[in-house]
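K.L.:
need the 3D shape of this:
(chains A and B)
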Amino acid sequence: MASPVEQFKLKPLVPIEIGGLDLSFTNSALFMALAVVAAGVFLTQSMRGRHLVPNRWQSMAELSYEFIANMVREQVGSDGRPFFPFIFALFMFILLGNLLGMVPYSYTFTSQIIVTFAMAITVFIGVTLVAVIRHGVHFLTFFFPSGAPIYMAPLLIPIEILSYLSRPISLSVRLFANMMAGHTMMKVFGGFVVALGVFGVAPMLVLIALTGFEILVAVLQAYVFTILTCIYLRDALHLHH
Amino acid sequence: MQDRDSPPSLDDLDARLKKARGSEEDRVRRSEMLSPNLPGSAMGLAFRVGIELVAGVAVGVGIGYALDRWLGTGPWLMIVFFFLGAAGGMMNVFRAATGQGLAVGYRKPGDDAEQKRRGGSEREG
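P.N.:
Residues are numbered from 1 along each chain as shown, chains lettered A, B, ... in the order given. The predicted structure is shown next:
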């Protein structure tokens, strides 16, 4: 029987090697492309009718749009509007990646730390650049809380900088750990079902509950990643203490 | 009998939609309930706190180790940055636990709600 972590293995589908670098098109890349295509098809096809009273698909597309639009408005404020396309794309990409991963025999690319870290570091660098461009040198007050005694600065500033730098780590680890742990657990219980024969009914019931829970986690983690991006963006746009 | 050959006007539809969705205050209250402690459950908070602690230490040790290799200063910078990173992680946990969200700095939770009610756009300084 395959080990529970077998599912996370990268398999090159189209081997590509450029200048000694392995740039193969892997199963992970395939599902990233599928997620992008699925998001595009979902949004364009469901909005094709443009009904005044939406049908089911159009309603789903409008709901996801409004959900993120409201999130940006409430968390970031009105000057967050230019960032809406990025945040919406990020949300749809993670959401569809997580949900596609729930399809049997598929690959969950969000269960790879490098994928989530790449997204988190993009958000982190982007948000930092926004803060520096908007506030210039004033950005540095971010690292020293107003009202603290000045002789605390040598201790407080490094701590604040480190806690700022830990943001991309915690952002990426949260998504990665949730997806990887959930999928491993499902595989382990699936192994129990096979190994226990008739008594496999008990782990089977757990597995059914776990599958539902895992779909919840898939949606929730996409939401959490997006709302944290919004919160970081708000901090960058309005430096406050 | 009401004459129904013309569809209801868009303004009318809009007004009815607004009414059905509830007032603005309702929505703000709902979003406040949802937002600061994200996954809403104790387990979600526990998970978040755990990740926050580990991330702080990991970043501290990583930076310390890199600086040590660069400057050749033995294990010392790694030790210093381990404690700084742990402190940073604990600070993030403190912020998460006191409901200040994940913002840098020391805002009070009351401040946050106040600012959100004002629309969040005129916040500076």
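K.L.:
tell me which element the closest residue in space to B:Arg48 that isn't next to it in sequence is part of?
P.N.:
Closest residue to B:Arg48 apart from its sequence neighbours, by CB to CB, 6 or more residues apart in numbering or on different chains: B:Ala96 at 6.0 Å. (Glycine included, C-beta is placed from N, CA and C.) In this assignment (DSSP states H and E), B:Ala96 forms part of helix B:76-97.
K.L.:
can you map out the strands along chain A?
P.N.:
For chain A, strands defined by DSSP state E occupy the ranges A:12-14, A:17-18, A:21-22, A:25-26.
K.L.:
those: which one's closest to B:Leu10?
P.N.:
strand A:25-26 (48.3 Å; CB to CB).
K.L.:
what about the helix ranked longest in chain A, average pLDDT?
P.N.:
Longest helix in chain A, counting residues (DSSP state H): helix A:153-195. Mean per-residue pLDDT for helix A:153-195: 89.
K.L.:
so which residues of the chain form helices?
P.N.:
You didn't say which chain, so I picked chain A. Using DSSP H, helices in chain A cover A:27-46, A:56-75, A:84-100, A:113-135, A:153-195, A:201-237.
K.L.:
sorry, I should have been clearer: chain B.
P.N.:
For chain B, applying DSSP H gives helices covering B:10-21, B:24-34, B:42-71, B:76-97, B:109-117.
K.L.:
could those helices go into a markdown table alongside mean pLDDT and mean neighbour count?
P.N.:
As requested, the helices of chain B are arranged in a markdown table below (pLDDT from 0 to 100; neighbours: other CB atoms under 10 Å in any protein chain shown):
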| stretch | mean pLDDT | mean neighbour count |
| --- | --- | --- |
| helix B:10-21 | 77 | 10 |
| helix B:24-34 | 54 | 12 |
| helix B:42-71 | 87 | 18 |
| helix B:76-97 | 88 | 19 |
| helix B:109-117 | 43 | 14 |
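K.L.:
quick check: most distant residue from the centroid of chain A.
P.N.:
Distance to the chain centre peaks in chain A at A:Tyr151, reaching 39.7 Å (criterion: CA atoms, centre = their mean).
K.L.:
ok, now how distant is it from chain B?
P.N.:
Taking CB to the nearest CB, to the nearest Å as the measure, A:Tyr151 falls 17 Å from chain B.
K.L.:
likewise for A:Val41?
P.N.:
Going from A:Val41 to chain B by CB to the nearest CB gives 28 Å.
K.L.:
my guess is A:Leu10 contacts A:Ala29, does it?
P.N.:
No. If you go by CB atoms under 8 Å, A:Leu10 and A:Ala29 don't touch, sitting 9.0 Å apart.
K.L.:
between those two, which one's more packed in?
P.N.:
A:Ala29 (18 against 13; other CB atoms under 10 Å in any protein chain shown).
K.L.:
the more buried one: what's it in contact with?
P.N.:
A:Leu13 (CB atoms under 8 Å, 6 or more residues apart in numbering or on different chains).
K.L.:
look up how far chain B lies from it.
P.N.:
Going from A:Ala29 to chain B by CB to the nearest CB gives 27 Å.
K.L.:
A:Ala148 now?
P.N.:
Distance of A:Ala148 to chain B, given as CB to the nearest CB: 8 Å.
K.L.:
just A:Pro85 next, same as before
P.N.:
Distance from A:Pro85 to chain B, by CB to the nearest CB: 20 Å.
K.L.:
let's see stretch A:74-83 as CSV, backbone CA atoms only.
P.N.:
Extracted in CSV, the C-alpha atoms of stretch A:74-83 (Å, rounded to 0.1, in the frame of the first residue of the first chain):
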residue,chain,number,x,y,z
GLU,A,74,-14.3,46.6,5.3
GLN,A,75,-10.7,45.6,6.1
VAL,A,76,-8.7,47.9,3.9
GLY,A,77,-11.0,50.8,3.3
SER,A,78,-11.8,52.7,0.2
ASP,A,79,-8.2,53.2,-0.9
GLY,A,80,-7.8,49.4,-1.1
ARG,A,81,-9.8,49.4,-4.3
PRO,A,82,-6.8,49.3,-6.7
PHE,A,83,-5.6,46.1,-5.0
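K.L.:
which positions within that stretch qualify as buried?
P.N.:
By 16 or more other CB atoms under 10 Å in any protein chain shown, the buried positions in stretch A:74-83 come out as A:74-77, A:80, A:83.
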